[in-house]
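[1] With the sequence up front, the predicted model follows.
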Amino acid sequence: MSQHEHFEEEEFETEFNGETVLRIFRLGLLHWPLMLGYLLSVVVTSVLDGYLTLLTKRIVDEGIVAGDAEQIWRLVLQYGLGLLLVALGVMGFIYSAGRLGERVQYDLRKTMFARLQDLSLSYYDRTPVGWLMSRLTADASRVGDLVSWGFMDLLWGGVAIAVSLVFMAMINVQMMLIVAAVIPVLIVVAFRFKKKILVEYRDVRKTNSQITGAYNENITGVRVVKSLRREEGNLEEFTDLTRTMYRAGFRAAWLSALFLPVVQLISAVAISGVVLYSGQQFQLGGMTIGGIQAFIFYITHMLFPIQEMARIYAEMQQAIASGERIFSLVDAVPEVQDRSGAQDPDSLRGDIVFDNVDFQYEEENPVLRDFSLHVKQGETIALVGPTGAGKSTIVNLVCRFYEPSKGRIMINGRDYTELTLHGIHSRVGVVLQTPYLFSGTIWENLRYGRLDASDDEVVNAAKVAGAHTFIEELEEGYDSQVGEGGVLLSVGQTQLLSLARAILADPDIFVMDEATSSVDTLTEALVQDAMDAILADRTSFVIAHRLSTIRKADRILVIEDGRIAEQGTHAQLIRQQGHYYDLYTKQFRDERIGAAQPLLHAGKMVAA
């Protein structure tokens, strides 16, 4: 089951969103030379196309019917030159439109990725990864296509209609008015269908985000899926999602398909009226054979882009639906951001004070209440307690991933909201329970926290973290690839590299969030040795599952229901025989029993 199954995506209005269209159009205006290039190319090409049809009329009337071979050659030469210019114009607008679309996609993805770097952790807590991936990939492509080919088709269609009407008026004004009377009818029909198609494509884009999220979760959690035999259950849930998307897509496709014959029927009525009227005019001498031929060509040339509106509108509605979701991401405001006049601290060394802090992730569900704590410079604070007590919340507040809803946090006598986020984050080192490595080499992953570090500094950090030995044993050493998320290494090796990366950054404040809970005993010993070296003279917060790893902490806090239930050194808390004593002795007994089990089993095997 998805961890974000209760994610409520913003619902957009069912009416045509003109503001979204304008914002999309402005994306193209950022590259106005390309827009101007394809605007001029489309206009010139459409005018030349209309002129070539007029030349065809003259070839028929002045050359073929009149029997003037010399005039035919002159007009054919002009026609050939016009075709060459049309070919150049087509090449110009295809090049301009294609390049413009790619530039818009590049700008959108860059803007969205930059926004994702700025957004607070709370945004990621409530937003599925699949939703974000869909915005960065499929939606960005759709909007880019709209700015280039979508707007180009609309522009070309509009110019083609205008040019055709002008040239038809030059041939016969009355017949042109008959055709022009049909255009408002077609526009009304188009707008009626447009609204219905947009509603369906909004449903398609919304469901597509959920499908992408389901893909992501099932792929990343494939081991859990297989171990719990959830394949069939997940397939049923996924089938429901795809069925919903299919139905919405089918309804949109059906409406688009219905639109085309309706337009063709109206067009047929217009052409029939023109043919009847032109036949009468020909008998009266008001029309020539070439004129009738040219007129019919202008009608088909004008009605073709109107008929194409079914496809253009369908693509436009998809792109508008995508644009609405892209802009909802771009417009998202970080809940934690720099205050006006925030300063970059030279250092975060100094006492840290929680002053009557309240915090809640959700309204009316407080995690910390009136929490106060004074941590001295260089002090190591260990946090223990049951799941959900508020341990991770405390360190998240220290790192300023979140901010207190009430009260304040002071660092070296200053409210830390007076400091820049970059200044705080760059001076805090964090090692998480589930370490994460990026695709690339060990060199690249270790330097992630400090790109300008020398090779000697990287190796020294690895030695301090206890990672150097296993790195040297790898076939390619520090040049070894770690795989996506560190899948080519063991959990223990990944954790040691994560620790070395934090050491290399040389932070003023160090946070370890259950960094040894998922590693074996040998790796735990290496991590413990590294902790003894790096926590010296550094303010640090350690969340521990294995209480044996925090016995050397300067102070241990037992957190329960967002408050400090007990605090003191390991020895002091053992003597108090309170909550910590119960946790420690229970864990100690469990470890003794677990260690004894293999020996008892071996004894039974020998006796047998």
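    Perfect, thanks for sending it. Everything numeric in this text was worked out from a predicted model, so none of it was measured. Numbering: from 1, shown residues only.
[2] OK, contacts around Gln360?
    Pro366, Val367, Leu368, Ser405 (CB atoms under 8 Å, 6 or more residues apart in numbering). Backbone N, C-alpha and C define where each C-beta goes, glycine included.
[3] Which members of the residues you listed come out as buried by neighbour count?
    Pro366, Val367, Leu368 (16 or more other CB atoms under 10 Å).
[4] can the residues you listed go into CSV with extra columns for pLDDT?
    Shown next, in CSV, are the buried ones among the contacts of Gln360 (pLDDT from 0 to 100):
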residue, pLDDT
Pro366, 88
Val367, 91
Leu368, 92
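[5] Among these, which are located in strands?
    Under the assignment DSSP state E, the buried ones among the contacts of Gln360 contribute Pro366, Val367, Leu368 to strands.
[6] Pairing partners for the first one in the sheet, please.
    I take that to be Pro366. Taking DSSP bridges, one obtains Gln360 as the residues bridged to Pro366.
[7] when you give positions from now on, start the count at 538
    Got it, the first residue is 538 from now on, which makes the last one we talked about Pro903.
[8] Show the contacting residues for it.
    Applying CB under 8 Å, 6+ apart, we find Pro903 in contact with Asp895, Phe896, Gln897, Gly1099.
[9] which one of those residues is nearest Asn709?
    Gln897 (75.6 Å; CB to CB).
[10] roughly how far apart are the closest one and Asp888?
    Distance, Gln897 to Asp888, using CB to CB, to the nearest Å: 26 Å.
[11] Check the offset of the helix or strand harbouring Leu1063 from the chain's centre.
    For Leu1063, the element it lies in under DSSP states H and E is helix 1058-1071. Going by CA atoms, centre = their mean, to the nearest Å, the spacing between the C-alpha centre of helix 1058-1071 and its chain's C-alpha centre is 38 Å.
[12] contacting residues around it?
    The contact list for helix 1058-1071 (CB under 8 Å, 6+ apart) reads 1001-1004, 1029-1030, 1032-1033, 1036, 1040, 1047, 1049, 1052-1053, 1056, 1079, 1083, 1086, 1089.
[13] Any of these buried? List them.
    Among the contacts of helix 1058-1071, those that count as buried by neighbour count (16+ other CB under 10 Å) are 1001-1004, 1029-1030, 1032-1033, 1036, 1040, 1047, 1049, 1052-1053, 1056, 1079, 1086.
[14] Among these, name the ones in helices.
    Val1001, Ala1002, Gly1029, Gln1030, Gln1032, Leu1033, Leu1036, Ile1040 (DSSP state H).
[15] Between those residues, which sits nearest Lys733?
    Gln1032 (54.9 Å).
[16] Report pLDDT for that closest one.
    Looking at Gln1032, its pLDDT is 83.
[17] any idea how far Ala1090 is from the closest residue to it other than its chain neighbours?
    Among residues not flanking Gln1032 along the chain, Pro972 sits closest, at 4.9 Å (CB to CB, 6 or more residues apart in numbering). Pro972 sits 22 Å away from Ala1090, going by CB to CB.
[18] Gly816 too?
    Remark: distance between Gly816 and Ala1090 (CB to CB) = 100 Å.
[19] So the two - more neighbours on which side?
    Of the pair Gly816 and Ala1090, Ala1090 is the one with more neighbours under other CB atoms under 10 Å, namely 22 against 12.
[20] picking up where we left off before, pick the one among the buried ones among the contacts of Gln897 closest to Gly565.
    Set against Gly565, the nearest of the buried ones among the contacts of Gln897 by CB to CB is Val904 (46.1 Å).
[21] I figured the closest one was touching Ile931, is that so?
    No. Using CB atoms under 8 Å as the test, Val904 is too far from Ile931 to be in contact (9.3 Å).
[22] related to what we said a few turns ago, among the buried ones among the contacts of Gln897, which one lies nearest to Ile631?
    Of all these, Val904 has the smallest distance to Ile631: 57.3 Å, by CB to CB.
[23] mind listing the strands for the chain?
    Going by DSSP E, the chain shows strands at 889-899, 902-912, 917-921, 943-948, 951-952, 965-968, 1046-1050, 1076-1080, 1092-1097, 1100-1105.
[24] For Ala879, which of those is the nearest?
    Ala879 lies closest to strand 951-952 among these, at 10.4 Å (CB to CB).
[25] Show the average pLDDT along that closest one.
    Strand 951-952 comes out at a mean pLDDT of 92.
[26] Give the pairing partners of that strand; include direction for each.
    Within its sheet, and counting by DSSP bridges, strand 951-952 is paired with strand 943-948 (antiparallel).
[27] same for the longest helix seen in the chain, what does it pack against?
    Ranked by number of residues, the top helix in the chain under DSSP H is helix 768-821. Here helix 768-821 touches helix 710-757, helix 826-844, helix 846-867, going by 3 or more CB pairs under 8 Å, 6 or more residues apart in numbering; DSSP states H and E.
[28] which residues of the stretch 538-687 of the chain score low on pLDDT?
    By pLDDT under 70, the low-scoring segments of the stretch 538-687 of the chain are 538-554.
[29] quick one, helices of it?
    For the stretch 538-687 of the chain, applying DSSP state H, counting those that start in this stretch gives helices covering 555-566, 569-595, 606-655, 658-663, 666-671, 677-682.
[30] Dump the fifth one to CSV, restricted to CA.
    Output in CSV follows, covering the C-alpha atoms of helix 666-671 (Å, rounded to 0.1, in the frame of the first residue of the first chain):
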residue,chain,number,x,y,z
VAL,A,666,7.7,10.8,-5.6
GLY,A,667,5.7,9.5,-8.5
TRP,A,668,3.8,12.8,-8.7
LEU,A,669,7.0,14.8,-8.8
MET,A,670,8.6,12.5,-11.4
SER,A,671,5.5,12.9,-13.6
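[31] got any ranges where the stretch 988-1137 of the chain has weak pLDDT?
    The model of the stretch 988-1137 of the chain has pLDDT under 70 over residues 1052-1061, 1127-1137.
[32] and the residue nearest the centre of the chain, what does it touch?
    Taking CA atoms, centre = their mean, the centroid of the chain lies closest to Leu669, which sits 3.3 Å from it. By CB under 8 Å, 6+ apart, the contact list for Leu669 reads Leu653, Leu866.
[33] And it, how far from Met649?
    Distance, Leu669 to Met649, by CB to CB: 8 Å.
[34] Quick check: neighbours shared by the two?
    What both Leu669 and Met649 touch, as defined by CB under 8 Å, 6+ apart, is the set Leu866.
[35] okay, now Ile1096: neighbour count?
    Ile1096 has 25 nearby residues by other CB under 10 Å.
[36] any idea how far Thr978 is from it?
    Counting by CB to CB, the separation of Ile1096 from Thr978 is 39 Å.
[37] before we move on, what about Tyr1117?
    Tyr1117 is 43 Å from Thr978, where distance means CB to CB.
[38] Tell me which of these two has more neighbours.
    Taking other CB under 10 Å, Tyr1117 and Thr978 do not tie; Tyr1117 has more neighbours (24 against 15).
[39] on that earlier part again, for the strands of the chain, could you give me a markdown table that also reports distance to Tyr1015?
    Output for the strands of the chain, formatted as a markdown table (distance: least, CB to CB, whole Å):
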| stretch | distance to Tyr1015 |
| --- | --- |
| strand 889-899 | 35 |
| strand 902-912 | 36 |
| strand 917-921 | 30 |
| strand 943-948 | 35 |
| strand 951-952 | 40 |
| strand 965-968 | 20 |
| strand 1046-1050 | 24 |
| strand 1076-1080 | 27 |
| strand 1092-1097 | 37 |
| strand 1100-1105 | 42 |
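[40] Nearest to Leu958, out of those?
    Evaluated over those, closeness to Leu958 peaks at strand 965-968, with 10.7 Å, by CB to CB.
[41] What helices and strands are in contact with the closest one?
    With contacts taken as 3+ CB pairs under 8 Å, 6+ apart, strand 965-968 sits against helix 1028-1041, strand 1046-1050.
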